[in-house]
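Chemist: Pasted the sequence and its predicted model underneath.
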Amino acid sequence: LPPNYDASNSSYPVLYFFDGDSLFNPPPGRVGDYLIDETLDELFEKKLTDGVIVVGIEFDPDNPWSEYMPWINPNMHDWLKANNSEPTEGGEGEAFLNFIVDTLKPEIDSRYRTLSDPANTMIGGPCRNGLIPIYAAFSRPDMFLKVMLLSPAVWMAEGGGAWLSNNQLIEFLENTEAPADVRIYLDIGTEESSGPQPNVFDQDGERITYPQAYIEGAERIYLTLISRGIPKENIRFEIIEGAAGTRDEWAKRFGSAF
C-alpha cells in the first residue's frame, strides 16, 4: 500500500504484478528481490508518484509454465528439455486471466480504495510472466491499459517450425484490434537465457541461441505494436546491454519502467 494510505481518504491506481512472492520480502531460498516496496516508497518521497497499490500474484513452482501461456507450445522439450517441463505446455493462460478479471480484481476493488478504471489499472510481469500482461491489454482493454513487460519470453508462444515463423503471441497481436490508449513498457537484456541452447532453428537452418530468441522476440513485439498503430510515444522499448534475466536486474529497471 502507499505510505499515506491509512492517513488519507485518497483512491489509488493498482498494479497487478506476477512473481508476487518475490516482490516485497522473498521467502528463504528464493534468489533475488524486486525491491518493489522500497522503490515505490522512494518515488513517493521524491513526489514522482502519488502512490500506487501493488497486488503480487504468487508464482506456483509446481505449475511453472501453463498458466502463463494462453496457447499450446507443442515443442517445449526443444526449448526446455532439462528444465522441469512437459513435452507440451500451455493453454491455461485464458483461465488465469479470467481469475484475475473475475475474482481477484473485484476482491481488491472491494477491499481497498482503488481507481478501478482501465487507465489506472496496470498489469506486468517478467520473463515467463511477460506474455499474459500484453495478452490481457489486447483482450481486455476494458480492464487494463498500462502494461509492463520485463524480459518477455516470446519463445514460449512458439507453435512449431522455424523460429518466429509461427509465433502465437505475435499472430494474436497482429489479428486483434489494438487498444487506442494502451501504454506499454517493454525491455530485454542482451544476456537473457533459460538454460542450454534450444534445439530450435531459424528459417535459414541455423540453430538459434537463447539471447537471440529473447532479443528478437522482444523486437518483434515492438515492431508488431507499431504496425498495429499504437503511437510510438505510448511505447518505451529498451535493450539493456549485458543484462541477464534475474530479479535483481529487474529491480534495477522497475522504477524507470513504472
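Modeler: Good, I have the coordinates.
Chemist: name the element the residue lying closest to Lys81 once chain neighbours are set aside belongs to?
Modeler: The shortest distance from Lys81 to any non-neighbouring residue, by C-beta to C-beta, 6 or more residues apart in numbering, is to Asn199 (7.3 Å). In short, each C-beta sits where N, CA and C put it, glycine included. According to DSSP states H and E, Asn199 maps onto no helix or strand at all.
Chemist: which residues does Asn199 contact?
Modeler: By C-beta atoms under 8 Å, 6 or more residues apart in numbering, Asn199 lies in contact with 78-79, 81, 207.
Chemist: same check, this time on Glu42
Modeler: Gly255.
Chemist: And it, how far from Pro3?
Modeler: Per C-beta to C-beta, to the nearest Å, Glu42 is found 10 Å from Pro3.
Chemist: Equivalent analysis for Ser193, please.
Modeler: To Pro3, Ser193 is 37 Å away according to C-beta to C-beta.
Chemist: cool, Ile239 as well?
Modeler: In terms of C-beta to C-beta, Ile239 sits 33 Å off from Pro3.
Chemist: go on, Arg207?
Modeler: Where Pro3 is concerned, Arg207 sits at a distance of 50 Å (C-beta to C-beta).
Chemist: Which pLDDT value belongs to the closest residue to Asp37 other than its chain neighbours?
Modeler: Once flanking residues are discounted, Asp37 sits nearest to Phe24: 5.0 Å by C-beta to C-beta, 6+ apart. Here the pLDDT value assigned to Phe24 is 90.
Chemist: Report whether Phe24 is found in a strand, as I expect.
Modeler: No. Phe24 sits outside any strand when classified using DSSP: H, G, I helix; E, B strand; the rest coil, being coil.
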